[in-house]
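# The sequence and its predicted three-dimensional model are supplied below.
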Amino acid sequence: MKIIYHCFGGTHSSVVAAALHLGWIDPHRLPAPDELRSLPYFDRRSPGMEGWILFLGRDRYNNEVYVVGKRGMGETFENLIGGLTQALDLPREEVLLLNTSPLVNWLMAVGGFLSRRLGITLLGRPLVIWGVRRIFTRLVTFVQECRLLWEINR
């Protein structure tokens, strides 16, 4: 199975959710800022990389875990991927799309804009990290609730 976490830019909530999924972050304690900064692609994609589906690793069930930024596509993104899997004759149940966008708070939105869009990482990155730490328990819950979706398909 291919599990794709997606959000607006593919650099914050989706990356942290995928890291939780892969066991790179302990879900039982708040990650330190340096832990977040060290995650692959965390606050590092350049403008124009949205839409690139990036592989992060395999989970313990051998599922492939990816992240992607969808910009303003909203639900259109999931329709596009669903149509693509159908066109390529892939079983729809082999691709699981997990939208982390509803979990994003204003700190992450403003920080992401400053850091990724305007290149002001000195201001934006600390805001994003603060925002991620504020919603961390919600990200943990999201990943734990979604876990059933890929465990069933083992």
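Sure thing, it's come through. Numbers count the residues shown, from 1 in each chain.
# all strands of the protein, in order?
Assigned strands in the chain, in chain order: 2-7, 54-58, 64-69, 95-99 (criterion: DSSP state E).
# Quick one: closest of those strands to residue 136.
Closest to residue 136 of these, according to CB to CB: strand 2-7, at 14.9 Å. C-beta coordinates here come from the backbone N, C-alpha and C atoms, glycine included.
# which parts of the closest one are buried?
By neighbour count with 16 or more other CB atoms under 10 Å, strand 2-7 contains the buried residues 2, 3, 4, 5, 6, 7.
# now for that strand, which elements pack on it?
Other helices and strands packing on strand 2-7, by 3 or more CB pairs under 8 Å, 6 or more residues apart in numbering; DSSP states H and E, are helix 13-22, strand 64-69, strand 95-99.
# rewinding a little: out of the strands of the chain, which is closest to residue 135?
Across those, closest to residue 135 is strand 2-7 (CB to CB), at 11.7 Å.
# Buried residues in the least confident helix or strand in the chain by mean pLDDT, which are they?
Here the helix or strand of the chain ranked lowest by mean pLDDT, DSSP states H and E is helix 75-87, holding a mean of 78. Neighbour counts over helix 75-87 (16+ other CB under 10 Å) mark 77, 78, 81, 85 as buried.
# Quickly list what the residue lying closest to the last one once chain neighbours are set aside is bridged to.
Distances taken as CB to CB, 6 or more residues apart in numbering put residue 95 closest to residue 85, at 5.2 Å, once the chain neighbours are dropped. Here residue 95 sits in beta bridges with residue 2, as judged by DSSP bridges.
# Give me the pLDDT for residue 95.
In this model, residue 95 is scored at 88, pLDDT.
# quick one: it and residue 2 touch, right?
Yes - assessed by CB atoms under 8 Å, residue 95 is found in contact with residue 2 at 5.0 Å.
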